[in-house]
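Participant: Dropping the sequence and predicted coords here.
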Amino acid sequence: MEKTGGKGLSLARRLYATRTLGLAAGLLCVAAAMYPLDPAPWVWALMLFNGIFWPHVAYQWARRAEVPYHAEHRNLLVDAFLGGFWVAAMQFNPLPSAATIAMMAMNNVAIGGLRFLLVGTVAQVLGMGVGFLVFTPAFVPQTSPLQLYACLPLLTLYPLALGWICFRQATTLGRHKRELLALSRTDSLTGLLNHGAWKDQLEIEFQRCKRLPQGGAIALIDIDHFKTINDTYGHVAGDIVLRQLSKMLKQNLRAADVAGRYGGDEFCVILPDLALDRAATTMDALRDRFATLGYEQSPALKVSLSIGLSAFNPAHDDAMLWLNDADQALYEAKTTGRNRVICSGDGKPRHELLDSV
């Protein structure tokens with residue numbers, strides 16, 4: 001009910017502006033067509049009410065209704081009925097009648113598509129029937145120059161206003177769609193790509209590496225003894241550690257690198273066009289910097305990282321094999337002492353590799 005109410009109030013506000021403009025312009029059109037017919041005073045009063053006061057009555061009716069969305073649809077049917085009524089009252093004068101019917105149809109299509117166009121058309125036909133019974137009109141085939149000019153505001157300003165509102169609505173919906181897409185691909189705690197989004201990027205990078213000779217590397221990063229951190233310092237401290245690592249990844253990686261939270265305390269990084277030794281140097285520097293971080297809430301807390309690295313292997317025919325290489329390297333880093341960087345196939349910590357060079 002709240003969602004329907006919110007949607008209805010938003011619709012009512014948009015239609016309030018277009019209805020006020022459209023009926024004011026329509027009043028000129030209808031008045032010019034009715035003037036030569038010398039209508040009764042009550043007809044002029046009804047015309048003024050419809051053109052000037054009805055938009056405000058309709059808005060208040062919708063705003064105060066239990067379900068504004070449904071009330072606004074009723075208002076639109078009243079608009080259509082009165083539009084048909086004035087077509088008959090104008091004795092079907094071609095230009096004013098066509099302008100009135102076209103603007104009503106445009107409004108109904110913009111609001112509810114084909115279905116509401118059909119419902120609105122039925123309401124217009126009913127209005128014409130009532131108008132025919134009240135006025136028993138004859139057909140007036142000519143449109144005078146005055147009547148033509150009186151119809152121009154309705155034919156120009158109203159479509160412009162309706163088009164502008166539809167454009168703004170489409171722009172807003174497009175922005176919301178992009179925001180929802182970004183949220184669906186982002187880990188809420190760290191702001192990095194989530195598991196699924198990062199694996200999508202890995203597949204893209206894998207296919208790129210198969211086409212181009214530059215190659216690349218991927219890293220899997222595990223926070224050492226993360227469960228102990230949560231048990232000892234609390235989950236709030238654990239969340240701070242996760243955010244600190246994500247912040248460090250954002251600050252220290254290249255713009256082309258793609259970082260994500262793979263799950264729990266495990267992070268992942270794609271390092272395009274980077275040789276394995278340079279990738280290892282980058283990750284080892286990250287490991288060193290992270291180990292020196294202090295935590296104001298828990299001064300005794302010191303956190304280290306285990307990192308597994310894997311270079312792109314042209315022999316692999318699946319991106320998951322590349323990821324598996326990095327996972328095996330991470331497993332070696334964790335089982336051989338932690339707080340180290342292991343490259344796939346080397347089985348040695350990064351600092352030992354440097355010593356052997």
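Facilitator: Nice, thanks for sending it over.
Participant: Tell me where the stretch 151-300 of the chain has strands.
Facilitator: Counting by DSSP state E, counting those that start in this stretch, the stretch 151-300 of the chain has strands at residues 216-223, 258-263, 266-272.
Participant: can you tell me which of those comes nearest to Ser188?
Facilitator: Evaluated with CB to CB, those place strand 258-263 nearest to Ser188, the distance being 9.7 Å. From N, CA and C alone the C-beta is placed, and that goes for glycine too.
Participant: Now do the buried residues in the closest one.
Facilitator: By neighbour count with 16 or more other CB atoms under 10 Å, strand 258-263 contains the buried residues Val258, Ala259, Gly260, Arg261, Tyr262.
Participant: The spatially closest residue to the last one that is not a sequence neighbour: neighbour count?
Facilitator: This points to Tyr262. Counting by CB to CB, 6 or more residues apart in numbering, Tyr262 lies nearest to Cys268, which is 4.4 Å off, once chain neighbours are set aside. Using other CB atoms under 10 Å, Cys268 is surrounded by 27 other residues.
Participant: Show the contacting residues for Ala110.
Facilitator: For Ala110, the contacting residues are Leu162, Cys166, by CB atoms under 8 Å, 6 or more residues apart in numbering.
Participant: Now it: which helix or strand?
Facilitator: Here Ala110 sits within helix 94-135, counting by DSSP states H and E.
Participant: For the helix or strand hosting Ala12, enumerate the helices and strands it packs against.
Facilitator: Secondary-structure assignment from DSSP H and E places Ala12 in helix 2-34. In terms of contacts (3 or more CB pairs under 8 Å, 6 or more residues apart in numbering; DSSP states H and E), helix 2-34 is packed against helix 41-48, helix 54-64, helix 68-89, helix 94-135, helix 145-184.
Participant: what angle sits between that helix and helix 41-48?
Facilitator: 130 degrees (axes from the mean of the first three to the mean of the last three CA atoms, to 10 degrees).
Participant: for helix 2-34, which positions count as buried?
Facilitator: Burial within helix 2-34, assessed by neighbour count using 16+ other CB under 10 Å, is assigned to 8-9, 11-12, 14-16, 18-34.
Participant: returning to that earlier point: and the residue nearest to Tyr262, bridged to which residues?
Facilitator: Leu220, Gly260 (DSSP bridges).
Participant: in the stretch 151-300 of the chain, which ranges drop under the pLDDT threshold?
Facilitator: The model of the stretch 151-300 of the chain has no residue with pLDDT under 70.
Participant: quick one, which of the strands of the stretch 151-300 of the chain is nearest to Arg289?
Facilitator: Per CB to CB, nearest to Arg289 of the strands of the stretch 151-300 of the chain: strand 216-223, 12.8 Å.
Participant: That closest one vs strand 258-263, what angle?
Facilitator: Strand 216-223 runs at 40 degrees relative to strand 258-263, counting by the same axes, to 10 degrees.
Participant: other SSEs contacting strand 216-223?
Facilitator: helix 195-211, helix 235-252, strand 266-272, helix 276-291, strand 305-311, helix 319-335.
Participant: Kindly recompute the last result at 10 Å.
Facilitator: Using 3 or more CB pairs under 10 Å, 6 or more residues apart in numbering; DSSP states H and E, the elements in contact with strand 216-223 are helix 195-211, helix 235-252, strand 258-263, strand 266-272, helix 276-291, strand 305-311, helix 319-335, strand 341-343.
Participant: So which elements touch the first one?
Facilitator: Same thing as helix 195-211. Applying 3+ CB pairs under 10 Å, 6+ apart, we find helix 195-211 packed against helix 145-184, strand 216-223, strand 258-263, strand 266-272, helix 319-335.
Participant: Over to the third one?
Facilitator: In terms of contacts (3+ CB pairs under 10 Å, 6+ apart), strand 258-263 is packed against helix 195-211, strand 216-223, helix 235-252, strand 266-272.
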